[in-house]
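Enquirer: okay, here's the prediction I keep looking at, along with the sequence it came from:
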Amino acid sequence: MAPVVNPSQRVLLVWQGQVDPEAMRQLAEQLRETVGSAGYVAVENAERLHMAGHPGSSFDVALSGWLGDPPPQHSEQLLDQLLQLLRPGGQLQLRDVRGAAVGRQLLLAGYTGSSGSGDGVTANKPDFEVGSSAPLRLPQAAPSPAAAAVWTLSSSDALDDDLELVDEDELLDEQDRQKPDPASLRVCGTTGKRKACKDCSCGLAEELDAGKQPATKSVTSSCGSCFLGDAFRCASCPYLGMPAFKSGEKVQLSQRQLNADA
């Protein structure tokens, strides 16, 4: 198996280890004759390839390991450098002591289409530049004409003085404008609801049964311990949930207790 190149191609010939200088010269001359004056052949030492200064994507074919026996084992670093120097779609032709087993390493390095026989293996750089990107074009459903018409205001609509608008004053009737009677807002002191609790002692149950408007009613403690706090109050105590207070004084909540917790 011998390296294959075509006229007008740019070829990179890479060697490493101990090689015969005469064999290197002969192979380079054969390559130059094949590519002709329109092509180009560069010969580089693998260990100094990064110092050669070749621009990326500048070679059509890269040849490596074709000089010396047995062939060398290619490192990941060298395969990566050769990939950078090949143009998109360019071909790598190498001889490796591992033979076709090097195909897995070529795949991990970014090459495609690895194939070979014996110790000769070929692979290609993908048809796009390494590190390139392209936007994804996802199909989008066109809006239905009916939906578009709902949100479209034509110029004739904007200038039409006869365009009927909703009168906001008609949204409220006279009943909505009337303020509620404060007496009707009375709620149970225990449950906080308009409905009286089971053991109502604040007078709301009697007033609701009689069909009267609830009125404020003074509460007299039956146990005499309501002012001490919830620990001393029964389940139906009208002061349940209120802070402790001095006997005989009016219960008042502090400004801090009136404010909601942050």
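Expert: That came in fine, so what should we check first? Since this is a predicted model, take the numbers as computed values, not measurements. Numbering: from 1, shown residues only.

Enquirer: what about residue 107, how many residues nearby?
Expert: 13 (other Cβ atoms under 10 Å). For every residue, glycine as well, the C-beta is placed using N, CA and C.

Enquirer: roughly how far apart are it and residue 63?
Expert: Distance of residue 107 to residue 63, given as Cβ to Cβ, to the nearest Å: 20 Å.

Enquirer: likewise for residue 93?
Expert: Here residue 93 is placed at a distance of 5 Å from residue 63 (Cβ to Cβ).

Enquirer: which one's more surrounded, those two?
Expert: Taking neighbours as other Cβ under 10 Å, residue 93 and residue 63 compare with residue 63 leading, 25 against 21.

Enquirer: what pLDDT is listed against that one?
Expert: With respect to pLDDT, residue 63 scores 97.

Enquirer: quick check: bridge partners of it?
Expert: On the basis of DSSP bridges, residue 63 is bridged to residue 13, residue 93.

Enquirer: so residue 47 sits right up against residue 17, yeah?
Expert: No - here residue 47 does not reach residue 17: they are 9.5 Å apart, not a contact under Cβ atoms under 8 Å.

Enquirer: mind checking the end-to-end distance for stretch 51-65?
Expert: By Cα to Cα, to the nearest Å, the extent of stretch 51-65 from end to end equals 19 Å.

Enquirer: buried sites along that stretch?
Expert: 54, 59-65 (16 or more other Cβ atoms under 10 Å).

Enquirer: what's it in contact with?
Expert: The contact list for stretch 51-65 (Cβ atoms under 8 Å, 6 or more residues apart in numbering) reads 3, 5, 9-16, 31, 42, 44, 46, 71-72, 74, 78, 82, 84-88, 90-96, 129.

Enquirer: quickly find the element holding the closest residue to residue 84 other than its chain neighbours.
Expert: Spatial nearest neighbour of residue 84, excluding adjacent residues (Cβ to Cβ, 6 or more residues apart in numbering): residue 56 at 5.0 Å. Secondary structure assignment for residue 56, by DSSP states H and E: no helix or strand.

Enquirer: can you check the pLDDT for residue 56?
Expert: 94.

Enquirer: hey, where'd the strands end up in the stretch 51-200 of the chain?
Expert: 59-64, 86-95, 112-117, 120-124 (DSSP state E, counting those that start in this stretch).
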